[in-house]
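Q: Turn this into a model:
(2 chains)
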Amino acid sequence: MDTIRLYLRSMAMLMKSQLQYPASFLMQTLAQLVMEGGELMAVILLIDRFDRLNQWMPGDLYFCFGLMSVSFYLTECFGRGITGNFPSMVRTGQLDTLLLRPRGVLTQVLCSAVDPRRIACIAVGTVSLVMGSRMAPVLWTPVKALLLAESVFCAFWLILGLFLIEAVLCIHSVRSVEVANALTYGGRSACQYPIDTYPRPLRVLFTVVAPFALVMHVPASHILGKPLFQWPLWTAFLAPLSGIALFGVMYLVFRRAMRFYRSAGS
Amino acid sequence: MSYIHVQGLNKRFIVRRKREKGSLLREKQVIPALRDVSFDIEEGELVGYIGPNGAGKSTTVKILSGILTPDSGEAAVGGRVPWKDRKEYVKHIGVVFGQRMQLWWDVPVQDSYDLLRDIYRIPEDAYRQRLNELTEALDLGPLLRTPLRLLSLGQRMRAELCGSLLHRPRLLFLDEPTIGLDAVSKLALRDFLRWENRENRTTILLTTHDMEDIAALCPRVMVLGHGQKLYDGGLSALLSRFDRTRTVTVRYDGEPDLSVLPAGLGISREGELVRLSYEPETLPTPDLLGLLQKAGAIREMTVQPQNIDRLIADMYREMDL
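A: Numbers count the residues shown, from 1 in each chain, chains lettered A, B, ... in the order given. Predicted coordinates:
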């Protein structure tokens, strides 16, 4: 509880410090809006050319795109310490100051940054999500709402866990390593579309290694009333937990890696 | 056992060098950062820790503050091993890096402190009391509502010091705290450190290149070079070993006859001024005075001790650093 309170207070303080530069904040948020809005436009133009993609109708596809956008940018907004700042903290030795305080390193890294500009991307994602569920159409029930909430929540931890891979590599090599981006940004681009549109190797990659399919597509398919692989409803509740499991594993790896941390600079 | 006990500390770094032409593998170079360093420090001591760049000072501080684990050797601060149970250990220490800030850049100083209160879980009463005490001692009152980025370097350093002392650490590490500060700020900082050491019996380990800091603050000084401890004791005792020469400046009435002076004094002239240096050990001062008077009518004369930085440079050279 104490940790959550610390996180919330840090967030409040950081938001305040971001708003010290209102003009810059506004412009950057606008830029994000254009960027993610353009992304959505591209998807709309693409889907407009086809009636359907396998069994997925346009509404279903917008829904999937929205789900990915909302989850990914929520992570980028509230997990900014890991998704963005960690490599430079290692390189400049700023991580040292965190080690000198009586709190977990990961907690403090998460408390060290927030990126409120991403609100714009999250808004675009929400628009797509609403648009998709209107077009599909989704008949909302409490169970479906719960599924959606669980999916977004678990996706947050999944994406954070994937970004931890880069953090771990970074601790070992001091320099930022971009290989992990294949899973994070690659996963975002690929899994905007339902997993069964891809050939087998990619399907395995995004189910077993980086389980975007389990965390997002399995519950989404139930919400849309077209269960993937005909799996029963309870799997839609169970599958997203793999995201939290992946984060748990990466957290342990991260802790191990910190033992090898060599502080840079003097 | 003493408050800080360090025994046979060793730490090596492996540095990968750039690959040379024609060889497939990159060469690995092992740099011994610390070699068999041992010392004891009692509670409430104020110790200076000096040595040229790359001597291993920062490595020692990083090991003693729990950031790095040594390859071998033991260390205990107040009975605790720094690199074991980090979260418990760091509650009792404070660290100020002169070149690395821990406060938040864009927010008022007070907000940073409030967050530190939450991080260290300091009870509200204790926090208020300590903050008042420190704001007064550091003269921070008017700055609390100002964002850190608007403060001058000296003000920022005072704010940093306050931040790292809020949780009442028993041991304070200072890594070049006066770097880049103006004279007034330096003096204020030294006064404050003396105050904190006296009032709260905080043990302070001060790493610096500024010998005036050491001379003003530290009764005891440790010299580190090439990862080894070379000296441990009083500053004056250390300096007296190297402090042999005095510089004399004389102004004569009329043209002096310098030929009466012996060779090897390094005589130089600058207009009316005659400058020379001598070692009282080999040429007693009364003898020199006699010779100078023989050379002409002295109008005025000054004798200066050697510059402390020059002394340290001589010392490093003699110790082959």
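
Q: Report the central residue of the chain.
A: Answering for chain A, as no chain was given. Central residue check for chain A by C-alpha atoms, centre = their mean: the C-alpha nearest the mean position is that of residue A:72, 2.9 Å away.

Q: Correction: the question concerned chain B.
A: Of all residues in chain B, the one closest to the mean position by C-alpha atoms, centre = their mean is residue B:208, 2.3 Å from it.

Q: mind checking pLDDT for the spatially closest residue to it that is not a sequence neighbour?
A: Once its chain neighbours are removed from consideration, residue B:208 has its nearest residue in residue B:176; the separation is 5.4 Å (C-beta to C-beta, 6 or more residues apart in numbering or on different chains). In short, each C-beta sits where N, CA and C put it, glycine included. The predicted structure scores residue B:176 at 86 on the pLDDT scale.

Q: So the closest residue to chain A within the stretch 1-150 of chain B, which state does it fall into?
A: Sorted by distance to chain A under C-beta to the nearest C-beta, the residues of the stretch 1-150 of chain B start with residue B:106, at 3.5 Å. Classification of residue B:106 by DSSP: H, G, I helix; E, B strand; the rest coil places it in coil.

Q: Name the nearest residue to residue B:239, ignoring sequence neighbours.
A: Closest residue in space to residue B:239, ignoring its immediate chain neighbours: residue B:311 at 5.6 Å, by C-beta to C-beta, 6+ apart.

Q: Give the buried residues for whichever strand or helix holds the one you found.
A: Residue B:311 is located in helix B:308-318, with elements delineated by DSSP states H and E. Buried residues in helix B:308-318, counted by 16 or more other C-beta atoms under 10 Å in any protein chain shown: B:308, B:311-312, B:314-316.

Q: Alpha carbons of that helix, as PDB, please.
A: The C-alpha coordinates for helix B:308-318 follow below in PDB (Å, rounded to 0.1, in the frame of the first residue of the first chain):
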ATOM      1  CA  ILE B 308      49.300  23.700  -0.600                       C
ATOM      2  CA  ASP B 309      48.400  22.500  -4.000                       C
ATOM      3  CA  ARG B 310      52.000  22.600  -5.100                       C
ATOM      4  CA  LEU B 311      52.900  20.600  -2.000                       C
ATOM      5  CA  ILE B 312      50.300  17.900  -2.800                       C
ATOM      6  CA  ALA B 313      51.600  17.800  -6.400                       C
ATOM      7  CA  ASP B 314      55.100  17.300  -5.100                       C
ATOM      8  CA  MET B 315      53.800  14.600  -2.800                       C
ATOM      9  CA  TYR B 316      52.000  12.800  -5.600                       C
ATOM     10  CA  ARG B 317      55.200  13.000  -7.700                       C
ATOM     11  CA  GLU B 318      57.400  11.700  -4.900                       C
END
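
Q: What average pLDDT does that helix get?
A: Here helix B:308-318 scores 77 as its mean pLDDT.

Q: and it, how far from the chain's centre?
A: Centre-to-centre, helix B:308-318 and its host chain are 15 Å apart (C-alpha atoms, centre = their mean, to the nearest Å).

Q: what does stretch B:144-163 give?
A: With C-alpha atoms, centre = their mean as the basis, the distance from the averaged C-alpha position of stretch B:144-163 to the chain average is 21 Å.

Q: hang on, the earlier thing: counting neighbours, what do you get for the residue nearest to residue B:208?
A: Residue B:176 is surrounded by 19 other residues when neighbours are defined as other C-beta atoms under 10 Å in any protein chain shown.

Q: quick one on the thing from earlier: if I pick the residue nearest to the centre of chain B, what's in contact with it?
A: Neighbour list for residue B:208: B:48-50, B:174, B:176-178, B:214 [criterion: C-beta atoms under 8 Å, 6 or more residues apart in numbering or on different chains].

Q: would you turn these into TSV with secondary structure and distance to residue B:85?
A: As requested, those are exported to TSV (DSSP: H, G, I helix; E, B strand; the rest coil; distance: C-beta to C-beta, whole Å):
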residue	secondary structure	distance to residue B:85
B:48	strand	29
B:49	strand	25
B:50	strand	31
B:174	strand	24
B:176	coil	28
B:177	coil	28
B:178	coil	33
B:214	helix	33
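
Q: so residue A:184 sits right up against residue A:163, yeah?
A: Yes - the pair residue A:184 / residue A:163 is scored as a contact, 5.8 Å apart, by C-beta atoms under 8 Å.

Q: So for stretch B:28-39, mean pLDDT?
A: In this model, stretch B:28-39 has a mean pLDDT of 87.

Q: wait, I meant stretch B:113-126
A: In this model, stretch B:113-126 has a mean pLDDT of 93.

Q: and chain A, which residues reach chain B?
A: Contacts of chain A with chain B, taken as C-beta under 8 Å from any C-beta of the partner chain, map to A:2, A:5-6, A:9-10, A:13-14, A:16-18, A:20, A:93-94, A:96-97, A:99-104, A:108, A:259, A:261-263, A:265-266.

Q: go with 10 Å
A: With the criterion set to C-beta under 10 Å from any C-beta of the partner chain, chain A comes near chain B through A:2, A:5-6, A:9-10, A:12-14, A:16-21, A:92-105, A:107-108, A:111-112, A:258-263, A:265-266.
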